[in-house]
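Asker: This is a predicted model, with the sequence first.
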Amino acid sequence: MSDHKPYLSVVIPIYNEEEVLPTLFKRLFPALDKTGKSYEVIFTNDGSKDKSIELLKEMQDERPAEVKIIDFNRNFGQHMAIMAGFEHVSGDVIVTMDADLQNYPEDIPLLLEKIEAGHDVVGGYRMDRQDKKWRLFVSKLHNSLRLKLTGVDMVDEGCMLRAYTREVIDRVVATGENSTFLPALAHSFSSNPTDVGVRHAAREEGTSSYNLYKLIRYNFDFFANFSKAPLEFFTMSGFIVAFISILLFVYLIVKRVIFGPDADGVFTLFAVAYFLIGMLLMGLGIVGEYIGRIYEEVRKRPRFIVREYLDTDQQKKPKPAKYIKDLEDSLDTEEAADKTAQKTTIKDKDSKEKEENTKKKDKE
């Protein structure tokens with residue numbers, strides 16, 4: 001790319017997508033060319049085990065001015081792959097989309113129209129979704145719970161065809177959070193969000209990396225990151241169970257006084273005890289989830305590790321003279337410090353030898 005900053009940056013995470021990448025290239029770049037905007041496309045290879053990285057490098061050879069590649073050393077997840085792309089974008093408008101072509105690259109101009117109309121976040125919502133029934137059910141349940149529990153009002157959070165202004169993306173990157181759910185996080189930073197309907201297609205090539213367990217896990221992680229509702233639910237449940245337990249205790253005392261001891265009551269107590277133990281274990285699990293997130297944040301480990309960043313612009317540009325001079329100065333400073341340390345070590349050694357010789361003479 002030239003020194004001219006692109007207007008549009010498109011960020012696409014890639015994970016084992018070698019089957020769909022040729023079709024993606026054929027549709028994506030013509031769609032972006034038709035917008036008449038300058039653009040860049042940042043592909044993040046999220047630890048793919050197939051030939052995805054080779055195909056990406058071939059495309060960069062064909063379009064060196066538009067294509068950048070971020071190559072992770074292992075799989076860090078979709079949202080971390082997008083976050084890495086956010087950290088390298090140059091455009092004023094940033095668009096995200098998945099590589100599976102379930103969303104149409106040809107719908108990107110719809111998002112740009114809303115951005116140019118003054119909105120800072122534009123979310124696509126999938127019209128006539130081509131997913132399995134169980135995924136549709138989980139998605140609808142998640143969307144309804146999200147609004148009630150977190151107050152994040154989004155039509156379709158699961159759609160990754162979205163557009164953001166640079167200001168919103170800068171705020172997202174500045175958080176530095178380990179557990180991020182980018183559409184909701186960006187929405188919380190926006191001042192004028194909106195949604196637009198986009199087309200949705202069934203996945204024709206490759207397989208989805210999401211299964212039922214991952215979707216359930218995703219939903220729980222989302223609510224734990226954006227709401228204290230699970231903790232509040234456990235607290236309220238604890239109050240209710242404690243109140244019922246008091247009533248049951250009073251009932252058993254009255255019953256014992258009036259009717260005498262009842263052997264069958266032992267089983268009732270067992271049932272109550274098991275119920276309370278189950279509640280305690282559930283509560284410990286919920287508290288543990290929040291503590292685990294605190295632990296991840298405070299240990300400050302890298303959110304992802306980039307093995308290689310391929311950008312033909314940076315490879316071609318020479319280092320500025322000031323950078324080289326600063327580097328040379330720092331090396332000279334390090335050499336001087338090493339020499340000083342060596343001299344100090346020699347002096348210390350000589351002084352110790354003199355002290356030992358003096359002690360020997362005194363003894364003699």
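Answerer: The structure has been received and is ready for your questions. Residues are numbered from 1 along each chain as shown.
Asker: the helices in this structure, which residues?
Answerer: 21-34, 52-62, 78-86, 108-116, 133-150, 166-175, 182-189, 212-226, 229-259, 265-298, 312-316, 321-363 (DSSP state H).
Asker: Pick out the shakiest of those helices, pLDDT-wise.
Answerer: Note on the helices of the chain: lowest mean pLDDT is at helix 321-363, with a mean of 55.
Asker: quick one: residue 177 and residue 310, what's the gap?
Answerer: From residue 177 across to residue 310, the span is 26 Å (CB to CB, to the nearest Å). Bear in mind the C-beta positions are built from the backbone N, C-alpha and C, glycine included.
Asker: more neighbours, those two?
Answerer: residue 310 (18 against 15; other CB atoms under 10 Å).
Asker: so who does the more buried one touch?
Answerer: 57, 60, 68-71 (CB atoms under 8 Å, 6 or more residues apart in numbering).
Asker: same thing with residue 123?
Answerer: Counting by CB under 8 Å, 6+ apart, residue 123 touches 154-157, 159, 162, 183, 187, 193-196.
Asker: Strands - which of the residues you listed land there?
Answerer: Counting by DSSP state E, the part of the contacts of residue 123 found in strands is 162, 193-196.
Asker: Save the residues you listed as CSV, and put in pLDDT too.
Answerer: Putting those into CSV (pLDDT from 0 to 100) gives the following:
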residue, pLDDT
162, 94
193, 92
194, 93
195, 92
196, 94
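Asker: so which of these is the most crowded?
Answerer: residue 162 (26 neighbours).
Asker: Beta-bridge partners for that one, please?
Answerer: residue 96, residue 123 (DSSP bridges).
Asker: State the distance from it to residue 312.
Answerer: Counting by CB to CB, the gap from residue 162 to residue 312 is 27 Å.
Asker: Next: residue 20.
Answerer: 24 Å.
Asker: can you pull the buried residues of stretch 189-202?
Answerer: 189-190, 193-196, 198-200 (16 or more other CB atoms under 10 Å).
Asker: That should have said stretch 239-259, apologies.
Answerer: So for stretch 239-259, nothing qualifies as buried (16+ other CB under 10 Å).
Asker: Could I have the CA atoms of it written out in PDB?
Answerer: Provided in PDB are the C-alpha atoms of stretch 239-259 (Å, rounded to 0.1, in the frame of the first residue of the first chain):
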ATOM      1  CA  PHE A 239     -32.200 -15.900  50.500                       C
ATOM      2  CA  ILE A 240     -35.200 -17.800  49.200                       C
ATOM      3  CA  VAL A 241     -33.800 -21.200  50.100                       C
ATOM      4  CA  ALA A 242     -32.900 -19.900  53.600                       C
ATOM      5  CA  PHE A 243     -36.400 -18.500  54.100                       C
ATOM      6  CA  ILE A 244     -38.000 -21.800  53.000                       C
ATOM      7  CA  SER A 245     -35.600 -23.700  55.200                       C
ATOM      8  CA  ILE A 246     -36.700 -21.700  58.200                       C
ATOM      9  CA  LEU A 247     -40.400 -22.400  57.400                       C
ATOM     10  CA  LEU A 248     -39.600 -26.100  57.000                       C
ATOM     11  CA  PHE A 249     -37.700 -26.100  60.300                       C
ATOM     12  CA  VAL A 250     -40.700 -24.500  62.100                       C
ATOM     13  CA  TYR A 251     -43.100 -26.900  60.400                       C
ATOM     14  CA  LEU A 252     -41.000 -30.000  61.500                       C
ATOM     15  CA  ILE A 253     -40.800 -28.700  65.100                       C
ATOM     16  CA  VAL A 254     -44.500 -28.100  65.300                       C
ATOM     17  CA  LYS A 255     -45.200 -31.500  63.700                       C
ATOM     18  CA  ARG A 256     -42.900 -33.200  66.200                       C
ATOM     19  CA  VAL A 257     -44.600 -31.500  69.200                       C
ATOM     20  CA  ILE A 258     -48.100 -32.300  68.000                       C
ATOM     21  CA  PHE A 259     -47.800 -35.700  66.400                       C
END
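Asker: For residue 20 and residue 312, work out which one has more neighbours and name it.
Answerer: residue 20 (21 against 16).
Asker: burial count for residue 236?
Answerer: Neighbour number of residue 236 under other CB under 10 Å is 10.
Asker: what do you get for residue 64?
Answerer: Quick note: residue 64 (other CB under 10 Å) scores 16 neighbours.
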